[in-house]
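Participant: I'd like to go over a predicted model; first the sequence, then the structure.
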Amino acid sequence: MRKARRVDDSIEFFSARRSEDSIARCDIAILVLDAESGIMEQDKKVAGKIVEEKRACIVIVNKWDLVIGGNQSAGRSTKAARMRDSKRPADRSAYEERLRDALKFLNYAPVLFVSAATGVGTEKIFPELEHVASERRKRIGTGEINRFIKQVDFDRASVPARQQVKIYYMTQASVAPPTFVLFTDRQVKLHFSYQRFIENQLRRAFGFVGTPIWIKNRSRD
């Protein structure tokens, strides 16, 4: 999936369109990355489309065996080798940290490290799909949500004074993706910091692994 002016032929054009259509139709998207290449611009474009469509997601890092083994396949270009050497972390945690930094907007997606060639790690894919599907359909009762709200220190959210709101209560309106309605003292668009802060608190309390969360604001009146 590249910018339209860089698409050279009809095959690539229709492949990109099918990819976008598939993301728009799916419940859970699997973003497959090449462990040796690191995060490429095309990967970011696909990830951006997944976020735009508000799809649940699992990130799979393939060819992990080559990274940890340091093997160079025959015929690899010098550029590819330099990329591998410059981006290869010391361990899995360091690699995931770099991945999270490059795909900040997809921070809700779990990451699996696999090797399609050897099969190592691939046994985790379908259990993770089932887990994410369950999280996507998770519903929290209004009473439990409001007990949670009372314990949240909203003063920790970095929001300009003119965009602060008084929060009365919150309810979950729907699932797939989980959608919450926040009832406040006035009808304003929630500041980004509020959105992110509340989302992080919800994830810390209830999970919602692999799925985006929608938060809407509504005046109590």
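Facilitator: That came through fine.
Participant: lowest-scoring secondary structure element of the chain by mean pLDDT?
Facilitator: Every helix and strand of the chain was ranked by mean pLDDT, DSSP states H and E. The lowest is helix 78-87, at a mean of 41.
Participant: for D153, see how far away the residue positioned nearest the centre of the chain is.
Facilitator: The residue lying closest to the centre of the chain (C-alpha atoms, centre = their mean) is L106, at 2.6 Å. Between L106 and D153 the computed distance is 27 Å (C-beta to C-beta, to the nearest Å). Quick note: C-beta positions are derived from backbone N, CA and C, even for glycine.
Participant: same check on R204?
Facilitator: 13 Å.
Participant: neighbour count for these two, which is higher?
Facilitator: Neighbours per residue (other C-beta atoms under 10 Å) separate R204 from D153, with R204 holding more: 11 against 8.
Participant: for that one, helix, strand, or coil?
Facilitator: Following DSSP: H, G, I helix; E, B strand; the rest coil, the label given to R204 is helix.
Participant: ok, back up a step: doesn't V51 make contact with the residue nearest to the centre of the chain?
Facilitator: Yes - if you go by C-beta atoms under 8 Å, L106 and V51 touch, sitting 6.1 Å apart.
Participant: list the strands paired with the helix or strand where V32 lies, with their directions.
Facilitator: In this structure, V32 sits in strand 28-34 according to DSSP states H and E. Strand pairing for strand 28-34, determined by DSSP bridges: strand 56-62 (parallel).
Participant: pLDDT (mean, whole number) over stretch 147-166?
Facilitator: The average pLDDT for stretch 147-166 rounds to 86.
Participant: using PDB, write down the CA coordinates of that stretch.
Facilitator: Only the C-alpha atoms of stretch 147-166 are listed here, as PDB (Å, rounded to 0.1, in the frame of the first residue of the first chain):
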ATOM      1  CA  ARG A 147     -17.200   2.600  40.900                       C
ATOM      2  CA  PHE A 148     -14.100   2.700  38.700                       C
ATOM      3  CA  ILE A 149     -14.800   6.400  37.800                       C
ATOM      4  CA  LYS A 150     -14.900   7.400  41.500                       C
ATOM      5  CA  GLN A 151     -11.400   6.100  42.000                       C
ATOM      6  CA  VAL A 152      -9.800   7.900  39.000                       C
ATOM      7  CA  ASP A 153      -7.900  11.100  39.800                       C
ATOM      8  CA  PHE A 154      -8.800  13.200  36.700                       C
ATOM      9  CA  ASP A 155      -6.600  16.000  37.900                       C
ATOM     10  CA  ARG A 156      -3.700  13.900  36.600                       C
ATOM     11  CA  ALA A 157      -4.900  14.400  33.000                       C
ATOM     12  CA  SER A 158      -3.000  17.400  31.400                       C
ATOM     13  CA  VAL A 159      -6.000  19.300  30.100                       C
ATOM     14  CA  PRO A 160      -6.200  23.100  29.700                       C
ATOM     15  CA  ALA A 161      -8.500  24.800  32.200                       C
ATOM     16  CA  ARG A 162     -10.900  26.000  29.500                       C
ATOM     17  CA  GLN A 163     -11.400  22.500  28.200                       C
ATOM     18  CA  GLN A 164     -11.900  20.700  31.600                       C
ATOM     19  CA  VAL A 165     -15.200  19.200  32.300                       C
ATOM     20  CA  LYS A 166     -16.900  17.900  35.400                       C
END
